[in-house]
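Asks: Give me a model of this one.
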Amino acid sequence: MRFEKEIKLLKRAVDEIVPMEDLIAKLEKSEKTGNPLRIKFGIDPTGYDVHLGHLVPIRKMRDFQDLGHQGVIIIGDFTAQIGDPTGRDETRPPLTHEEIMYNSERYMEQLHTILIPEQTEIRYQTEWFGGMTLHDVLQLLGKFTLAQFMAHDTFRNRYEQGLSLGMHELMYPILQSYDSVAVESDVELGATEQKFNILCGRDMQRYFGQEQQVAVLSPILTGTDGVNKMGKSLNNYIAVFDTPNDKYGKVMSIPDSLIINYFTYAAFALEEEIKEVEAELKQGTNPMLLKKRLAHRIVSFYHSDAEADEAADAFDRQFSQREVPDEMPEYILASGEYRLTNILVDSGLCNSQGEAKRLIQGGGVSVDGERIEAWDHVLNFEAEAIIRAGKRRYLKLVKA
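Replies: Coordinates of the predicted model:
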């Protein structure tokens, strides 16, 4: 197959490419003309704290840049005032233009830890929407039907459940679609939940007589809790602005079930290494050793090898200072999810649910060295874990 090496790189850590044959055709055209492909990614700077989940598609833009193509970052200074309604059951509060500009500057500082600045074009929606008239807007609206939009899960579900759905939110996919026309996008990157919006961009380009873009869809990164999408509201995220020690510690806190996922989508490991890690897990390698390798890789990427070494040493010192005893009671459990308060009571570490709850809320309970703050914490138990309750009570959870 033509461009086999390139396609293998571009498919890595990607869920879907729509349509693949168009991407191959675009690569062929680029090779013939010498013109790089234009790789689009839009951001709504509703905040400025970028986490590793945001960077999954950005790492893919870097792959395109390494092949010689042009990254195009769209700063959604119009759409940020609407807020992407995808996956939300309520309307976002609007931001001021000053807030959006401040956030976008901080956002780009973080994206440039990955992207090649010389191959990154930054565009603002005000360039094309600032001069639009109502006539222009009505023409854009006329290119889509309400039936198309109500087929979108987010809009349909909110309508059927009687939840608020503003008319301005229906405009969001249309504005994002027109961005692709404005910058003549060849490829648009985004999470799988953005598929509807990105495919609308293909339709919009067709209406304007442009060659249609290809959708390259990345998975949504699971948060450090192992359950929910990574995000600030759930405090289950690893931020670019986190210190090396914080990044290292947060990676070490992930459940064992996320090791392969994070090697793939947070560390962008090569396929061969991922297979090696899978084999090591099957052979019974201690998951903590693999998480240390993963944490070192991630900290090295965003900081340096030296800072990753220091973070690893600090983590190990922190554990040794807690004076974990060589011998402690063992409690056998099958793999799965367990309410931590139940484990504390059933194992005999606490006499009652009330005592367990108070101990957790007072900061007296940790799992594998990580203090637990939520009294209703659910522990994802995969292999082995050490629980500390109070200063001297320890319990080793052992897989049944």
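Asks: all strands for the stretch 101-250 of the chain, in order.
Replies: With strands called from DSSP state E, counting those that start in this stretch, the stretch 101-250 of the chain shows them at 120-124, 187-191, 214-218.
Asks: In CSV, list these along with distance to residue 371 and mean pLDDT.
Replies: C-beta: built from backbone N, CA, C; applies to glycine. Listed next are the strands of the stretch 101-250 of the chain as CSV, based on distance: least, Cβ to Cβ, whole Å; pLDDT from 0 to 100:
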stretch, distance to residue 371, mean pLDDT
strand 120-124, 39, 96
strand 187-191, 31, 96
strand 214-218, 32, 97
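Asks: could the ones you listed go into a markdown table alongside distance to residue 250 and mean neighbour count?
Replies: Shown next, in a markdown table, are the strands of the stretch 101-250 of the chain (distance: least, Cβ to Cβ, whole Å; neighbours: other Cβ atoms under 10 Å):
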| stretch | distance to residue 250 | mean neighbour count |
| --- | --- | --- |
| strand 120-124 | 27 | 16 |
| strand 187-191 | 21 | 25 |
| strand 214-218 | 21 | 23 |
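Asks: Dump those to JSON lines, plus distance to residue 228.
Replies: Shown next, in JSON lines, are those (distance: least, Cβ to Cβ, whole Å):
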{"stretch": "strand 120-124", "distance to residue 228": "31"}
{"stretch": "strand 187-191", "distance to residue 228": "14"}
{"stretch": "strand 214-218", "distance to residue 228": "17"}
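Asks: Which one, of those, ends up nearest to residue 69?
Replies: strand 187-191 (8.1 Å; Cβ to Cβ).
Asks: what's the pLDDT at the closest residue to residue 177 other than its chain neighbours?
Replies: Excluding its sequence neighbours, the residue lying closest to residue 177 (Cβ to Cβ, 6 or more residues apart in numbering) is residue 204, at 3.8 Å. What the model reports for residue 204 is a pLDDT of 96.
Asks: Now do the contacts for residue 204.
Replies: Applying Cβ atoms under 8 Å, 6 or more residues apart in numbering, we find residue 204 in contact with 140, 143, 174, 177, 178, 180, 181.
Asks: hang on, the second one packs against residue 207?
Replies: Yes - with contact defined as Cβ atoms under 8 Å, residue 143 reaches residue 207; the gap is 5.0 Å.
Asks: Common neighbours of these two, please.
Replies: By Cβ under 8 Å, 6+ apart, no residue touches both residue 143 and residue 207.
Asks: Reformat the contacts of residue 204 as JSON lines; add distance to residue 119.
Replies: Formatted as JSON lines, the contacts of residue 204 follow (distance: Cβ to Cβ, whole Å):
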{"residue": "140", "distance to residue 119": "30"}
{"residue": "143", "distance to residue 119": "32"}
{"residue": "174", "distance to residue 119": "29"}
{"residue": "177", "distance to residue 119": "24"}
{"residue": "178", "distance to residue 119": "24"}
{"residue": "180", "distance to residue 119": "19"}
{"residue": "181", "distance to residue 119": "22"}
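Asks: how many neighbours does residue 78 have?
Replies: 23 (other Cβ atoms under 10 Å).
Asks: so it makes contact with residue 178?
Replies: No - applying Cβ under 8 Å, one finds residue 78 not in contact with residue 178, separated by 9.9 Å.
Asks: Between those two, which contacts overlap?
Replies: Counting by Cβ under 8 Å, 6+ apart, the residues touching both residue 78 and residue 178 are residue 129.
Asks: Now do residue 130 against residue 170, distance only.
Replies: 21 Å (Cβ to Cβ, to the nearest Å).
Asks: which of the two has more neighbours?
Replies: A count of neighbours by other Cβ under 10 Å puts residue 170 above the other of residue 130 and residue 170, at 18 against 10.
Asks: Would you enumerate the residues in contact with the more buried one?
Replies: 146, 149, 155.
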